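>>> the sequence isn't on hand, but the structure is:
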């Protein structure tokens, strides 16, 4: 099982004092223990360390450890398996500031074992159970291979007393150690990259002890190192390890990776959550799982983990940023905006261009116009050369009906990037809706002078022309039609389009028709002045009809039916003008 990576000051003390030659035995107050039969141990004899069990009753915890130690000493010679003496254990603990009856955590146990040559370490729990001296006991054998602490859990025991419990645990330990020769051969084969040999040795260890965790761990390592091993094989062995040792981080990690390689996203997520639940205090593991869950498309399942990390590490900018990004991925937009704001309070440098773009995106997805305006305004002030923010402000103000603010923001966008047609378009739309046709034309002219795309700006400049034509249709005056014609000709001169040509044709025809109505009246007069005026107006009308004839063929692309009717009438009017000129223009 992977360590929690937390080493207490006391454990560090064990290490430091031992190096300085601190006494292992407090000889002045410690009685001599009878030597284990077959003493002394040989050079290669493995040592086993048994310390105080974990229990609610400290006396019971010490008694359980003492009974198991005595049982091991009676069943094994010192040459076969040397049991680290209680005096050695207590002396080392006392020299390091521990009480002799201290129940140590896993990392401290392994540190103590390192000092006392303990190859095998017993981690035990004991509790009163039922009547009399009955107890419930649980134990596992720990061993360190390289940097890895591997556990061999033993079956839980219900015994009449601690002596009976120790007897049963010793039998299980002896059975578990039957796998050791094959396990060591397996580890040796792994170190020399002989993976097939390692598999063979691991399987032999499992045969020797069917409940073997160590040998299964070695088998799993062999499969993991052999790149050609299919994910299903790794999954099978990892599950076998977990059936024996549900807390095995190695097995859980390999299982998650195998599911990921297989493409089973749901099982990978489920396994990652098991890893977190097995050791929620390990922040490095938790952060790794958060990233895995986020990348696997399950950010909502990672959020409770990151929240627990933030509780332990309040104000950590990296964790706050991770939470913010997870909320964005989970589409929890309101919460994401709040988390982002909390992040930049703690770390002002986090308020980057990307930060504002993501926050604005969240506000847009949340349909929060007020927050969009707030964020875009701040971003526009900070990133004054970024055109997207004033454009966004203009669009948002426009949708809110705040046309002057929309125009002002659009003008800022055009100042940042004059060639970006979008800013000009926003400005022209705002001016049009403010009923400022002259401003629309002026903005359009500035846009074209700045190098904006004529094909996109030109059609927008027709808005004032359309308004002028509409006004002329309503008032039906010659001056209104002349104003519409002048507007259309100006726009056409800047950015020619079929629409502009159509408006020219319509307006010029209406002016000509009105003029020729006067000509018809004057032509009935016998007065010389009226006849002269009829000649003058006929020529003027003829000029307007010429404009119609030139413009309307292209304008016909806008409305062929109207264009056809107008051009048909041009012929009739031209014939009438010819008659007037012949009669009165002498």
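Noted; the coordinates are in hand. All of these numbers come straight from a predicted model, not from anything done at the bench.
>>> give me the nearest residue to residue 182, chain neighbours excluded.
In space, not counting the residues next to it along the chain, residue 182 is nearest to residue 205; the distance is 3.5 Å by C-beta to C-beta, 6 or more residues apart in numbering. Every residue, glycine included, has its C-beta placed from N, CA and C.
>>> over to residue 300?
Counting by C-beta to C-beta, 6+ apart, residue 300 lies nearest to residue 330, which is 4.4 Å off, once chain neighbours are set aside.
>>> near that neighbour, how many residues? Count them for me, please.
Applying other C-beta atoms under 10 Å, we find 17 residues neighbouring residue 330.
>>> which helix or strand contains the residue nearest to residue 182?
Residue 205 belongs to helix 195-208 when assigned by DSSP states H and E.
>>> kindly confirm my reading that residue 315 is in a helix.
No: with DSSP: H, G, I helix; E, B strand; the rest coil as the criterion, residue 315 is assigned coil and is not in a helix.
>>> which one's the longest helix in this protein?
Under DSSP state H, the helix in the chain containing the largest number of residues is helix 528-555.
>>> so is the most far-flung residue of the chain relative to its centre in a helix, a strand, or just coil?
Ranked by distance from the centre of the chain (C-alpha atoms, centre = their mean), the top residue is residue 526, with 90.8 Å. Using three-state DSSP, the three-state assignment for residue 526 comes out as coil.
>>> distance of it from residue 515?
With distances defined as C-beta to C-beta, to the nearest Å, the gap from residue 526 to residue 515 amounts to 21 Å.
>>> ok, residue 573 next?
Counting by C-beta to C-beta, the gap from residue 573 to residue 515 is 10 Å.
>>> thought residue 405 was touching residue 397, still the case?
Yes: Residue 397 lies in contact with residue 405 (C-beta atoms under 8 Å); the separation is 4.1 Å.
>>> neighbour count winner among those two?
Neighbours per residue, other C-beta under 10 Å: of residue 397 and residue 405, the larger number sits with residue 397, 23 against 17.
>>> residue contacts, that one?
Counting by C-beta atoms under 8 Å, 6 or more residues apart in numbering, residue 397 touches 373, 403, 405-406, 409.
>>> now, those residues that are in helices?
Among those, the members that lie in helices (by DSSP H) are 373, 403, 405-406, 409.
>>> is it possible to get a markdown table of these that adds pLDDT and distance to residue 387?
Shown next, in a markdown table, are those (pLDDT from 0 to 100; distance: C-beta to C-beta, whole Å):
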| residue | pLDDT | distance to residue 387 |
| --- | --- | --- |
| 373 | 96 | 17 |
| 403 | 96 | 20 |
| 405 | 96 | 17 |
| 406 | 95 | 15 |
| 409 | 95 | 11 |
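>>> of all those, which two lie farthest apart?
Pairwise distances across the ones in helices among the contacts of residue 397 (C-beta to C-beta) peak at 14.6 Å, for the pair 373 and 403.
>>> quick one: residue 262 from residue 65, how far?
To residue 65, residue 262 is 44 Å away according to C-beta to C-beta.
>>> do the same with residue 249
From residue 249 across to residue 65, the span is 26 Å (C-beta to C-beta).
>>> so what are the domain limits for this protein?
Residue ranges for the structural domains of the chain, counted by automatic domain parsing, are given in the record as 9-162, 472-584.
>>> lowest mean pLDDT across those, which one is that?
The stretch with the lowest mean pLDDT among the domains of the chain is domain 9-162, at a mean of 86.
>>> distance from that one to the middle of the chain?
When C-alpha coordinates are averaged (C-alpha atoms, centre = their mean, to the nearest Å), domain 9-162 and its chain have centres 47 Å apart.
>>> just stretch 496-504 next, same as before
Once both centres are worked out by C-alpha atoms, centre = their mean, stretch 496-504 turns out to sit 52 Å from its chain's centre.
>>> quick one: buried residues of the longest helix of the chain?
For helix 528-555, a neighbour-count test (16 or more other C-beta atoms under 10 Å) marks 531, 533-535, 537-538, 540-542, 544-545, 547-549, 551-552, 554-555 as buried.
>>> could you do stretch 234-243 as well?
Going by 16+ other C-beta under 10 Å, stretch 234-243 has these buried residues: 234-235, 237-238, 240-242.
>>> which ones among those lie within strands?
Secondary structure from DSSP state E places none of the buried residues of stretch 234-243 in strands.
>>> need the contact list for residue 290.
302, 305-306, 309, 322, 326.
>>> element containing it, please.
Per DSSP H and E: residue 290 is located in helix 283-295.
>>> same question, residue 362
Here residue 362, judged by DSSP H and E, is contained in helix 353-365.
>>> cool, residue 310 as well?
Assigned by DSSP H and E, residue 310 falls within helix 299-312.
>>> and the angle for that helix with helix 283-295?
If you take axes from the mean of the first three to the mean of the last three C-alpha atoms, to 10 degrees, helix 299-312 sits at 150 degrees to helix 283-295.
>>> what residues of the next helix or strand after helix 299-312 count as buried?
Past helix 299-312, further along toward the C-terminus, the next helix or strand under DSSP H and E is helix 317-329. By neighbour count, with 16+ other C-beta under 10 Å as the criterion, the buried positions of helix 317-329 are 319-329.
>>> state the phi and psi torsions of residue 138.
With angles defined as degrees, to the nearest 10, residue 138 sits at phi -130, psi 140.
>>> ok, it - contacts?
Taking C-beta under 8 Å, 6+ apart as the criterion, residue 138 is in contact with 124-126, 154, 156-157.
>>> repeat for residue 198
Residues counted as contacts of residue 198 (C-beta under 8 Å, 6+ apart) are 186-187, 189-190, 218-219, 221-222.
>>> residue 520 too?
Taking C-beta under 8 Å, 6+ apart as the criterion, residue 520 is in contact with residue 576.
>>> quick one, the strand or helix carrying it and helix 528-555 angle?
Taking DSSP H and E as the criterion, residue 520 maps to helix 498-522. Helix 498-522 and helix 528-555 are oriented at 160 degrees to each other (the same axes, to 10 degrees).
>>> which stretches of the stretch 151-300 of the chain form strands?
Secondary structure of the stretch 151-300 of the chain by DSSP state E, counting those that start in this stretch: the strands cover 157-159.
>>> show me where it has helices.
162-176, 180-191, 195-208, 214-225, 231-244, 249-262, 265-278, 283-295, 299-312 (DSSP state H, counting those that start in this stretch).
>>> touching the second one from outside, list them.
It refers to helix 180-191. Under C-beta under 8 Å, 6+ apart, the answer for helix 180-191 is 46, 145, 195, 197-199, 201-202, 204-205, 208, 212, 214-215, 218-219, 221-222, 225.
>>> report the buried residues of that helix.
For helix 180-191, by 16+ other C-beta under 10 Å, it's 180, 182-183, 185-187, 189-190.
>>> okay, now residue 314: neighbour count?
A count of nearby residues for residue 314, using other C-beta under 10 Å, gives 9.
>>> look up how far residue 342 lies from it.
When distance is defined by C-beta to C-beta, residue 314 is 11 Å away from residue 342.
>>> now do residue 296
Using C-beta to C-beta, one obtains 26 Å as the distance from residue 296 to residue 342.
>>> out of those two, which sits in the busier spot?
Regarding residue 296 and residue 342, a neighbour count based on other C-beta under 10 Å identifies residue 296 as having more, with 18 against 15.
>>> re earlier: what's the most distant pair in the contacts of residue 290?
The distance between the two most remote of those (C-beta to C-beta) is 11.4 Å, for 309 and 326.
>>> sec struct for residue 45, please.
Following three-state DSSP, the label given to residue 45 is coil.
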